[in-house]
Structures are given as C-alpha cells and as structure tokens.
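# got a predicted structure here, sequence first:
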Amino acid sequence: MRTFPLSIGRSLIWCLALLMGCTDSYLPEALESPPNYLVVDGFLNAQGVTTVRLSRTYAVDSKAVAPAELRANAFIEDEAGARLGLREGVAGAYVSAPLVLDPAKKYRLRVLTQAGQDYASEFVPVKLTPPIDAVAWRATPEGVDVLVDTHDDQNASQYYRWDYEETWEINPPYRPNVEYVNGQMRDIVVPYPTICWGSALSTAIQIDKTTALSQDVVSGFRVRRLARTSERLTSRYSVLVQQHALTKEEYAYWELLRKNTESLGSLFDPQPAQLTGNVRCLSAPDQLALGFVSAHSCTEKRLFIARQELPQEWDVRTGYEGCLPPDTVYIDRPNPPIPNPVVILYGAFNPLSGNLPIEPVYGPGPVLQGYTAKSRDCIDCRTRGTTVRPTFW
C-alpha cells in the first residue's frame, strides 16, 4: 500500500475538510448578469419554408425561458443584394413564404433589430439533402430504437444531422358521468375527451459523417431510443424524422455544441469551448452573436408503431399509474340527501383544488354516500396534450 509523509497526509486532510465545508453555491457575477447577446436558431430552407427563431441570452440560474427578440426586420439575402423577406410570427419566430433557393448562389440571413443593430450570417452555399432511404424500428432489451438509412450517390453530402417530431395517443383512465357546477352535482353535459395526442420535438444533437467511408452511406443510425416502459408506446406512436445535409463547418459547430452540452462537468471532462457560429454584428463588431445559419433542403420520413407490434411481455406504462385507484369523497351530512341534491362536500370540488368528480358511490339501499374523484390531470387528457387529431393520424 502506498503511504504519504505525515505532513502531506495532514495537508490532504485539511484540504478535504475545507472542500467539504464549502457548501454555499457560487455563481460568478458574469453568469448572473450575462451580456445581452443575440441567439439565432434555424437554417435557410432551400426548398420550403424557412423558420428562424431569434432570442437573447439570459442568466444561467434563471428559470425563465429565453427572451424573444421581437419586432426585428429579418430577410434572406444573396451575394447580389436581392432580398427575400421573413414575417414575424409568435415568440420571436420569423417565417418565409415557401421558397426555392438557387444552388448556384450563396445566401445569408440578415437581421435588423428594433434597437438598430445590424446582424448577418456568413454567405453559405446551398446544399441539397438526399432523401431518407428508410426509417425503421427495432425492439431491444432496453426498448425501441428508431433507425435511419440514407445515401448520396454523388458523394456530396457526407455530413448529416437529424431531428424529429414525436406524436402519441393519450387515453385517460376515467370517464366521468357527473360534474359539479355552481355548488350542485348533475349529470355531465359535455363529456371529457377520451383520447388526446401528445407531441414533442427532439432535443438531443444527432449527427454523423461518412468522410471515412468509401461511399456516402449511413446505415442503421439510431436517432431515438424509447424505454420499454415509455408511456408514448401505450397505444400508438409516430415519429417524423427530418434529415439535414451540412457543410463541414456547420458539422464542426454542431459537434462542438454537442460536446459542450453533453459533458458531465467533472474535472476530467473536456472543458467547454467558446461557441459562436457564423453570425456577426455588422454595426458593432465587438458585439457577440450565437448561432450557425446554413442553407440546405430538408427531407423527412414518418414511422408508426402500434402497441400490438411490441413484445407483449413489456411493461409499457400509461403515465396514469399514480392516478389509480380513485379517491372517494363522502357527502358532508349525517343523513343521506334527497336525489340530485345540493351537496356540501369536504371542499373536494372547490375549483381551486383541481379535483373532479367521476361517478356516484352508493351504499345499501341504495343510498348515495358520495362520489369517486381525482385530480384534473388524471381525468382531462387536455392537460397532457390536445384533442385536435393530427392530419397524418
């Protein structure tokens, strides 16, 4: 066993004591009050609608969402100065009409903020993304893997990025037949929905390159893994995979961003590198901007998975496990009330409580004793999704 001199051992113990005693969190002033940098998120769609989101940096300890950059003038510009405008939508999103960009030209994004700052990305070439050959799924001991295949016979793509949009059915466990309105219980007039649809966008950075291969072919790249207990697999699930062909410079940007965001933050991890991109402030060169704007087309393919197709022994959850069984709320009276009474309950159906009645509970006689009940989140699936059926469903 390796030993240390006594003086070194005492020093180590003293250092450990100091570290263990330092429990107060520390946020440098620069992190608590960061500079107000512009953040540009999006790409110039070479064959479709361009959507670019503009926001500002905010404090690392803030629980707020990124503040949107509103009332800016945004447009696509080619090297000859021709402009294609983007209109402002909601939450700092700027959207174009359907466009077809000329592959023989270079384009950039130009942004004039309400404060008078002039930003522009670098002029970039137009890349045409090859079609997705196939999107398939595979059952594994861990769950479901969603895999993508693609290739480019021209060997011109080589750098790829994927994102996806998920949609799934939500089936609540309860079908209430009564409701509490104006202090009175009655038969329900407008039933709660029996099905909703949840949705989510990808957050992980999924990139791959074929530069080390003899052919520009991607085979079986995993873009999504769902746990075998995932509530998204309860009934029917769909994923729309979107594919982007990148330039070498944009791939390097996304690779650095992935490394910065996936680091666990230990002393032995690579330290985060400064990430800026290709957007610059023309009116104030020392003003930093974040984001990388490229110009390429996007191809996509959709996949459906039904619960019946998955291994039957899988313990797929519904997401409503915590809602079972229902509670019982008893009528606050020593004697049973007359039918359809104005009842006084233990505050259970106060609108502020969020509880909803489900159905009557009868005792011997039968005598109305109360009602089963549960929180709105357990009954109304609109708290978890929408009742608007997707057009592709």
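On my side now, so go ahead.
# could you check the pLDDT of the nearest residue to residue 128 once chain neighbours are set aside?
In this structure, residue 128 finds its nearest non-sequential neighbour in residue 297, 5.1 Å apart by CB to CB, 6 or more residues apart in numbering. C-beta here means a position set from N, CA and C on the backbone, and glycine is covered the same way. At residue 297, the predicted lDDT confidence score is 98.
# can you check residue 1 too?
44.
# name the helix or strand for residue 125, please.
When secondary structure is defined by DSSP states H and E, residue 125 falls within strand 124-127.
# given the following helix or strand past that strand, what are its sheet partners and their directions?
The helix or strand immediately downstream of strand 124-127 is strand 132-139, counting by DSSP H and E. Taking DSSP bridges as the criterion, strand 132-139 pairs within the sheet with strand 143-151 (antiparallel).
# could you tell me the end-to-end distance of stretch 192-203?
Its start and end residues considered, stretch 192-203 measures 32 Å (CA to CA, to the nearest Å).
# return the distance of that stretch from the chain's centre.
In terms of CA atoms, centre = their mean, to the nearest Å, the gap separating the centre of stretch 192-203 from the centre of its chain is 13 Å.
# do stretch 163-175 as well
Relative to its parent chain, stretch 163-175 has a centroid offset of 15 Å by CA atoms, centre = their mean.
# for it, C-alpha coordinates in PDB please.
Listed next in PDB are the C-alpha coordinates belonging to stretch 163-175 (Å, rounded to 0.1, in the frame of the first residue of the first chain):
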ATOM      1  CA  ASP A 163     -34.100  15.800 -35.600                       C
ATOM      2  CA  TYR A 164     -37.600  14.500 -35.200                       C
ATOM      3  CA  GLU A 165     -41.100  15.300 -34.100                       C
ATOM      4  CA  GLU A 166     -42.900  12.700 -31.900                       C
ATOM      5  CA  THR A 167     -46.700  12.200 -31.600                       C
ATOM      6  CA  TRP A 168     -48.500   9.700 -29.400                       C
ATOM      7  CA  GLU A 169     -52.000   8.800 -28.200                       C
ATOM      8  CA  ILE A 170     -53.100   9.600 -24.600                       C
ATOM      9  CA  ASN A 171     -56.000   7.600 -23.100                       C
ATOM     10  CA  PRO A 172     -57.100   8.800 -19.700                       C
ATOM     11  CA  PRO A 173     -58.300   6.100 -17.300                       C
ATOM     12  CA  TYR A 174     -61.600   7.700 -16.200                       C
ATOM     13  CA  ARG A 175     -64.900   8.600 -18.000                       C
END
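# buried ones in that stretch?
Within stretch 163-175, the residues scored as buried using 16 or more other CB atoms under 10 Å are 163-164, 166-170, 172-174.
# circling back: the strand holding residue 125 pairs with which strands?
For strand 124-127, the paired strands and their directions (DSSP bridges) read strand 106-112 (antiparallel), strand 295-296 (parallel).
# for those strands, which one sits closest to residue 386?
Taking CB to CB as the measure, the strands paired with strand 124-127 were each checked against residue 386, and strand 295-296 came out nearest at 30.8 Å.
# secondary structure element for residue 311?
Counting by DSSP H and E, there is no helix or strand that carries residue 311.
# could you check how many residues crowd around the nearest residue to it once chain neighbours are set aside?
Closest residue to residue 311 in three dimensions, ignoring its sequence neighbours and counting by CB to CB, 6+ apart: residue 139, at 6.0 Å. Burial of residue 139 is recorded as 14 neighbouring residues (other CB atoms under 10 Å).
# equivalent analysis for the one 3 residues further on, please.
Residues near residue 142, counting by other CB under 10 Å, number 10.
# contacting residues for the nearest residue to residue 131 once chain neighbours are set aside?
Taking CB to CB, 6+ apart, and ignoring the residues beside it in sequence, residue 131 has residue 299 as its nearest neighbour in space, at 5.1 Å. For residue 299, the residues meeting the contact criterion (CB atoms under 8 Å, 6 or more residues apart in numbering) are 129-132, 242-243.
# which of those residues has the largest number of neighbours?
residue 243 (26 neighbours).
# residue 147 versus the residue nearest to residue 311, what's the distance?
Residue 139 sits 12 Å away from residue 147, taking CB to CB, to the nearest Å as the criterion.
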